[in-house]
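**Student:** Need a 3D model of the sequence below.
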Amino acid sequence: MTEHHDVTDPTEDEQQVRGYLVDPRTHGRVAVYWLEGGRIIRRDQMPHGPALDCLADRLRRRGWAVEKMLRSSQCVFAHLPAEGTAPAAVEPAAVEPAAPECLHRIAVRPNVSGDPIKACARKQPNQDAGVFSDEGCVEAYDCAVQAANRAAELNVEEDAPAGDPTYVWDLLCPDHRDAEQSVDECEECNAEEAAEQATVDTVEQPDVEERPRCITHGAECDDDPKRRHQFEPTAEQVEAAREAKRQAKAKTAAYIAELDDVLAMIEQAERVDGTWRGEWIAAAPADAELLDLPADAEQGALFA
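**Tutor:** Numbers count the residues shown, from 1 in each chain. From the prediction side, this is the model:
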């Protein structure tokens, strides 16, 4: 590429460029971009956005101080390591061949907290997992296991005690992704629930013959059908909304229980696979007679 290359609006010839671009700044600070088709890629732009996380990891392993990236970041900002310092490479933890893996085929480090594999299977498609410190969410990943591994890796670097880790992981709220808050402690969700509850608490039970109050016109409402009216919800409407919410929660709980059963079946199949028991079950016919018993006795393959 040349100095005339426009990384925001490349020409037809410039669209053949692909790779990383280093832009030196001041005081040992650089900006590293990833180009696809001659154009810079944002971190949240799929499928090439994760390339910025890979660049940040490479820089970090070679001793560079990498600044925190946002979801919409277009580059990685890094600071040149001090002269004479050795690269602070972080070797990945040794993982046993039989270590459990998530749906993304990523193995879990032995020192992670919680159950990131189950969280990875349960989370919604548009839901990310974050690494949290006292300052909030510092990194976000599409895979819960990847976030849990990163939190454990940072705790090892900080020499944090096992009972009081500096970094933890959790799923992010899928409804307010820009806020980057945990799903159980999302301030916007809590504010919406509080406002909804306050609205429900202020609704009075109307008398049988009393009509709902018109919010638009108040006491001056004349029920003219040609005018637009907005009435307060009735007690029946409020109760119907609550019941719909309860049913949605019950449906979600049933879905999670079904996922747990599927995961248990998969784990059981993996434990049996490759053993003499698994091979014997496949080879033994289900309708064969195993023992010489009286004619009226029922027989079948073991473990069937």
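
**Student:** drop to CA atoms for contacts and neighbour counts, all remaining ones
**Tutor:** Noted.

**Student:** Next, residue 21: secondary structure please.
**Tutor:** Under DSSP: H, G, I helix; E, B strand; the rest coil, residue 21 falls in the strand class.

**Student:** residues in contact with the residue nearest to residue 16 when sequence neighbours are not counted?
**Tutor:** Nearest residue to residue 16 in three dimensions, chain neighbours excluded: residue 37, at 5.5 Å (Cα to Cα, 6 or more residues apart in numbering). Residue 37 makes contact with 14-18, according to Cα atoms under 8 Å, 6 or more residues apart in numbering.

**Student:** Repeat that for residue 168.
**Tutor:** Counted by Cα under 8 Å, 6+ apart, residue 168 has contacts 113, 131-133, 148, 151-152.

**Student:** Show me what the lengthiest strand in the chain pairs with in its sheet, parallel or antiparallel.
**Tutor:** Across the chain, the longest stretch assigned as strand under DSSP state E is strand 29-36. Sheet pairing of strand 29-36 (DSSP bridges) gives strand 19-24 (antiparallel), strand 39-40 (antiparallel), strand 76-79 (antiparallel).

**Student:** closest to residue 8 out of those?
**Tutor:** strand 39-40 (5.5 Å; Cα to Cα).

**Student:** Please pull up the helix or strand immediately following that closest one.
**Tutor:** helix 51-61 (DSSP states H and E).

**Student:** Which other helices and strands does the next helix-or-strand element following that next one contact?
**Tutor:** Toward the C-terminal end, the helix or strand that comes next after helix 51-61 (DSSP H and E) is strand 65-66. Here strand 65-66 touches helix 51-61, strand 76-79, going by 3 or more Cα pairs under 8 Å, 6 or more residues apart in numbering; DSSP states H and E.

**Student:** Could you export these as CSV, including distance to residue 45, mean pLDDT and mean neighbour count?
**Tutor:** CSV is the format used below for those (distance: least, Cα to Cα, whole Å; pLDDT from 0 to 100; neighbours: other Cα atoms under 10 Å):
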stretch, distance to residue 45, mean pLDDT, mean neighbour count
helix 51-61, 10, 87, 18
strand 76-79, 15, 88, 22
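
**Student:** Keeping just the C-alphas, turn whatever helix or strand residue 119 lives in into PDB.
**Tutor:** Per DSSP H and E, residue 119 falls inside helix 116-122. The C-alpha trace of helix 116-122 is given here as PDB (Å, rounded to 0.1, in the frame of the first residue of the first chain):
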ATOM      1  CA  PRO A 116     -18.400 -21.200  31.800                       C
ATOM      2  CA  ILE A 117     -19.200 -24.200  29.600                       C
ATOM      3  CA  LYS A 118     -22.800 -24.300  30.800                       C
ATOM      4  CA  ALA A 119     -23.000 -20.500  30.500                       C
ATOM      5  CA  CYS A 120     -21.700 -20.700  27.000                       C
ATOM      6  CA  ALA A 121     -24.400 -23.200  26.100                       C
ATOM      7  CA  ARG A 122     -27.200 -21.200  27.700                       C
END
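
**Student:** residues contacting the spatially most central residue of the chain?
**Tutor:** The residue lying closest to the centre of the chain (Cα atoms, centre = their mean) is residue 128, at 2.4 Å. Residue 128 is in contact with 140-144, 171-174, counting by Cα under 8 Å, 6+ apart.

**Student:** Repeat the analysis, applying 6 Å as the threshold.
**Tutor:** Counting by Cα atoms under 6 Å, 6 or more residues apart in numbering, residue 128 touches 141-142, 172.

**Student:** which of these has the most neighbours?
**Tutor:** Highest neighbour count within these, by other Cα atoms under 10 Å: residue 172, with 28 neighbours.

**Student:** What's the separation between it and residue 79?
**Tutor:** Taking Cα to Cα, to the nearest Å as the measure, residue 172 falls 29 Å from residue 79.
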